[in-house]
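structure, please.
(2 chains, ligands or ions: 2)
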Amino acid sequence: MAAYNNSLHLLASLFQLAYFSLKSHPLRTILSLTGIICGTAALLTVIGLGQGAKMEAKKQIEKMGVRNLFIRPAPLTREQFKQAGKRHSPGLGPQDMTILSELPGNIIQSGYLREIRVEPTLPTSVSGLKVVGCTANYGDILDLPLAEGRFLAEEDLRRKNAVCVIGGEAARSLAEAGRLNAYLRINNHLFLIVGILERYDTGHKESGKFSMQNINEMIFLPVTIELSRPTNRGQDLPAYHQSELIVEIDKVENIPTMTKLIDRTLSVAHQGIKDYQIIVPLELLTRASEIQRVFNMVFGAVAAISLLTGGIGIMNIMLASVSERTAEIGLRMAVGATPHHITIQFLAEAALVTAGGGVIGTLLGIICVYWVGYFSHLPIHISVSVAIIPFSISTIIGLCFGIIPARNAARLDPVRTLTG
Amino acid sequence: MALAALQELSHHYHSGSRSIQVLNGINLEVKQGDFVAIMGRSGSGKSTLLHILGGLLQPRIGHYLFKGMDVFSMSTNEIAIFRGKHIGFVFQMFHLLPEMNVLENVKLPFLYNNTDPNEAESLAREAVELTGISHRLLHKPSELSGGEMQRVAIARALAPGPELILADEPTGNLDSITGEEIISLFELLNTTGKTVVMVTHDQRIAQRAHIIKVLTDGRLQ
Ligand SMILES: Nc1ncnc2c1ncn2[C@@H]1O[C@H](COP(=O)(O)OP(=O)(O)OP(=O)(O)O)[C@@H](O)[C@H]1O
Ligand SMILES: [Mg+2]
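Ligands and ions are numbered 1, 2, ... in the order given. Next up, the predicted model:
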């Protein structure tokens, strides 16, 4: 018991010695601290941004549904556009859904959505809202959460009921007009609001990258309803300008084969015109993590190099410290210090510098991550388990680089140091 | 039984390709309570002999028994502990740590021998009292005279209670009057029962010891 206390006291004393030694050379200490601080902060910033991007991408892709395939119109070149006209490719439309429904049983369901061009009869404050026609299962496929009422039903589509479901953000900006059972005027038709969606947490502004449609700001009508075209002068865009087909596959394993099958089927139906694209969230997920991995490797290497420089800085001051204090080391040995004691005393210097630098660097890194996130609007992620990584790495590096000078000190010949 | 006994001890240094035989068949017996002076010309190997006695050098040719323990067979760790426990060194150059005050310098050996801090404190104060430097307790070495520094160094050697005090020309850096005072201090320690082995080339200083050995051509006479 007493021996334990004493060894603790010894350790404390050796750390105190190390502290005094560092304090007596402030410039040297600050320089070596700087290396560790910068390395730690850089590494933490990289990790914080990397993690943020990764989690954001994952969240977005998971929102699309890993088992869903998205088929969207592809932008055509002028040449392709002419070809499409010649060969009478109708573009992406509800007829594609019918074609796909005849494919073998790996498809659970498919849904369709298209944008409806409206006359600006809605209040100007809500002009950002998007009116779409969709199938009844659209909400089910995307797991759209309802705040009130119901989603569109098969019945609505068959009977072409003048009903609509509105997104959470749409409900908010429509205010009084956006209540359940209120009527909404679109292109001189009145639509009964039968459902209001919960506000989707879109997270970041960047979310549009993965989800083309912002569900929050949409007004969903039965896709079977044909609204009279807006009295828009000229330049009509193709009818399929904004549309989307979602296909839900039964199992993740079947996604690659089904993707190929759907592609071939659609290619035939579209007369070989590549006017659609198939987006596979699963692929996006792997691609995102692939990009993530490269990003982590490149920037991690940069941060590691700066930490390495910090480690070399530590080694440098410790070598200086040892050679400056050979007489002291010899004397300590003469009064009974073992090589072990000497090693610990100098290693304590390295530990103090790296731990101190690590703590300051971690705090600085956290500030950096938030700062970069604030100005670049990039997603960030910091947690204890993330923050502890650069700190541990810098401490390990410091101790690794500190051990060599410390061992040098412990191996000194006491006679030479006392007489030399 | 002898406190420290050297038998047929030899030691040589390598200097480039040449080998310098410094000690050649030394036999020495130091008994409890002895006050030994070792004399000899410069370069005769006096310091080398003292370092061997103190366990700072392990030549491994010949034998060194300290209270029956075989010193040459000790490991690096064991010999460090041996030094801390049984030996007190006093050097010509004092070797005080400049950033520590007098009391801290005297307490230094206790750091490495598992002594309770309170006990270390009182032992250090006792030693400082005995060497007559207690009025300078909180001064740094740079604020002390040579004689005062040597008193601090002696207190440091004394404080942990070693059996053998080894002094390598302890008066070499002091004027003759101060040197006299330091020798008187060693005499005082000797009367309280400490065994002292002191290297000097000053005949008058050596006369104060009870036993004088002279080192010539690697042998003691
Ligand atoms: N590490 C060493 N390597 C090589 N030769 C050494 C070494 N240490 C001492 N010597 C040589 O050994 C001899 C004895 O040295 P030592 O220091 O023991 O002499 P000394 O009697 O104490 O001399 P002085 O009175 O000048 O202090 C000298 O010739 C010295 O040059
Ligand atoms: Mg000498």
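
what about the strands in the chain?
No chain was given, so I picked chain A. With DSSP state E, the ranges of strands along chain A come out as A:68-73, A:107-115, A:130-134, A:146-149, A:163-166, A:183-186, A:189-197, A:218-222, A:243-249, A:276-279.

let me rephrase: I mean chain B.
For chain B, the strands defined by DSSP E occupy B:4-15, B:18-30, B:35-40, B:63-66, B:69-70, B:87-90, B:164-168, B:195-199, B:211-216, B:219-220.

on that earlier part again, between the strands of chain A, which gets nearest to ligand 1?
Closest approach to ligand 1 among the strands of chain A (CB to the nearest ligand atom): strand A:276-279, 78.2 Å. C-beta coordinates here come from the backbone N, C-alpha and C atoms, glycine included.

who are the packing partners of that closest one?
With contacts taken as 3 or more CB pairs under 8 Å, 6 or more residues apart in numbering or on different chains; DSSP states H and E, strand A:276-279 sits against strand A:68-73, helix A:255-269.

run the last query once more with 10 Å
strand A:68-73, strand A:243-249, helix A:255-269 (3 or more CB pairs under 10 Å, 6 or more residues apart in numbering or on different chains; DSSP states H and E).

TSV for those, including mean pLDDT?
Below are these laid out as TSV (pLDDT from 0 to 100):
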stretch	mean pLDDT
strand A:68-73	84
strand A:243-249	84
helix A:255-269	86
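
now, of these, which is deepest in the fold?
With neighbours taken as mean count of other CB atoms under 10 Å in any protein chain shown, the helices and strands packed on strand A:276-279 reach their highest mean count in strand A:243-249, at a mean of 23.

got the angle for that strand vs strand A:68-73?
In terms of direction (axes from the mean of the first three to the mean of the last three CA atoms, to 10 degrees), strand A:243-249 departs from strand A:68-73 by 160 degrees.

so which of the strands of chain B is nearest B:Gly147?
Nearest of the strands of chain B to B:Gly147, taken as CB to CB: strand B:87-90 at 12.9 Å.

contacts only, for residue 221.
Went with chain A since none was named. Shown in contact with A:Leu221 (CB atoms under 10 Å, 6 or more residues apart in numbering or on different chains): A:116, A:131-134, A:152, A:156-157, A:160-165, A:184, A:186, A:189, A:191, A:227.

chain B, not that one
Taking CB under 10 Å, 6+ apart, one finds B:Met39, B:Gly40, B:Ile212, B:Lys213, B:Val214, B:Leu215 in contact with B:Gln221.

returning to what we had before: let me have the strands of chain B in a markdown table, adding mean neighbour count and mean pLDDT as columns.
Below are these laid out as a markdown table (neighbours: other CB atoms under 10 Å in any protein chain shown; pLDDT from 0 to 100):
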| stretch | mean neighbour count | mean pLDDT |
| --- | --- | --- |
| strand B:4-15 | 16 | 91 |
| strand B:18-30 | 16 | 92 |
| strand B:35-40 | 23 | 95 |
| strand B:63-66 | 19 | 94 |
| strand B:69-70 | 12 | 93 |
| strand B:87-90 | 26 | 95 |
| strand B:164-168 | 25 | 95 |
| strand B:195-199 | 23 | 95 |
| strand B:211-216 | 16 | 94 |
| strand B:219-220 | 16 | 90 |
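
hang on, isn't B:Leu137 packed against B:Thr131?
No. Counting by CB atoms under 10 Å, B:Leu137 does not reach B:Thr131; the two are 11.8 Å apart.
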